[in-house]
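S.K.: sequence plus predicted model, see below.
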Amino acid sequence: MPDRSHAKKMPGSRARIDHVETARAKVLAAALPNVAFDGWTQRLLSEAAKEAGVSHGEMRLAFPGGVLDLVDCFLADGDRRMQEALAAANIAHLKIRERITLAVRTRVEVDVAHREAVRRAVTLFALPTSGAYGPRSLYRTVDAIWRAVGDTSTDFNFYTKRAILAGVYSAVTLHWFADQSDGDADTWAFLDRRIADVMRIEKVKASVKKATNWLPDPVGLLGRLRYGRG
């Protein structure tokens, strides 16, 4: 006889998840206009929840980690908006370099109206008291960028791509905070240079790998030397 208990619980679980997501969205929307003045603080979270009509209990459920969870929600929402923007754009014909450049620029631009909120978020997540929130958020962003541009790698390149892009994205974001040029032109020029640097490194790596293909496998060679084979 099929177990119906799980099926009965699912609608309620989905409803609770939707309720929490709705509460998060409401509180975030109420908080954003005041972040530039008040910063990301517990007081901001409490006042935003009150303004949004979210009870204290609902707020605790939606943001169990307090204001750090609110900041994380804000940055995750930016990742989502970036992915939606790229999904709506026709990027299939673009080269991978062009896709990555566009994706990084799009991720920055989706928060152009909340530059100070992003700056304060990055500053807060850089503090030791924020624990793993900062690294986890950065990884989520670069992973979202790579997936948005169609990356399907599952080997070691999966990690190296994200590590390299994390450096690029972080540098571009910091440059953007201080950019006062029209349309953030200096930031986009800086982004182009950083991507060009990465592409040059990748070309060097490829040429070195090609040039050393004739060399014996070092692991296999060490094994033969150790055990007297070959």
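M.R.: Perfect, thanks for sending it. Numbering: from 1, shown residues only.

S.K.: burial measure for residue 103, as a count.
M.R.: 25 (other Cβ atoms under 10 Å). All C-beta atoms are positioned from the backbone trio N, CA, C, and that covers glycine.

S.K.: make that residue 129, sorry
M.R.: For residue 129, the neighbour count with other Cβ under 10 Å is 8.

S.K.: over to the one 10 residues further on?
M.R.: A total of 14 residues lie near residue 139 under the criterion other Cβ under 10 Å.

S.K.: ok, the closest residue to it other than its chain neighbours to residue 91 distance?
M.R.: Leaving out its chain neighbours, the residue that sits closest to residue 139 by Cβ to Cβ, 6 or more residues apart in numbering is residue 162, at 6.6 Å. Relative to residue 91, residue 162 is positioned 19 Å away (Cβ to Cβ, to the nearest Å).

S.K.: confidence score at residue 230?
M.R.: Predicted confidence (pLDDT) for residue 230: 48.

S.K.: could you point out which element follows the helix ranked longest in the chain?
M.R.: Assignment by DSSP state H gives helix 5-38 as the longest helix of the chain. Downstream of helix 5-38, the first helix or strand assigned by DSSP states H and E is helix 42-52.

S.K.: what inclination does that next one have with respect to helix 5-38?
M.R.: Relative orientation of helix 42-52 versus helix 5-38 (axes from the mean of the first three to the mean of the last three Cα atoms, to 10 degrees): 110 degrees.

S.K.: just checking, what packs against helix 42-52?
M.R.: Counting contacts by 3 or more Cβ pairs under 8 Å, 6 or more residues apart in numbering; DSSP states H and E, helix 42-52 is packed against helix 5-38, helix 56-62, helix 67-88.

S.K.: what angle separates that helix from helix 67-88?
M.R.: Compare the direction of helix 42-52 with that of helix 67-88 by the same axes, to 10 degrees and you get 60 degrees.

S.K.: residue 133: which of the helices and strands packed on helix 42-52 is closest?
M.R.: Relative to residue 133, the nearest member of those by Cβ to Cβ is helix 67-88, separated by 5.3 Å.

S.K.: could you chop this protein up by domain?
M.R.: Domain assignment for the chain, taken from automatic domain parsing, gives 1-64, 92-227.

S.K.: any idea which residue is closest to the centre of this protein?
M.R.: The chain has residue 141 as the residue nearest its centroid, 0.9 Å off, counting by Cα atoms, centre = their mean.

S.K.: sorry, back to before: I'd like the domains of the chain written out as JSON lines, with distance to residue 78 added.
M.R.: Compiled in JSON lines, the domains of the chain are given as follows (distance: least, Cβ to Cβ, whole Å):
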{"stretch": "domain 1-64", "distance to residue 78": "11"}
{"stretch": "domain 92-227", "distance to residue 78": "5"}
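
S.K.: reformat those as JSON lines; add mean pLDDT and distance to residue 80.
M.R.: Below are the domains of the chain laid out as JSON lines (pLDDT from 0 to 100; distance: least, Cβ to Cβ, whole Å):
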{"stretch": "domain 1-64", "mean pLDDT": "86", "distance to residue 80": "11"}
{"stretch": "domain 92-227", "mean pLDDT": "85", "distance to residue 80": "8"}
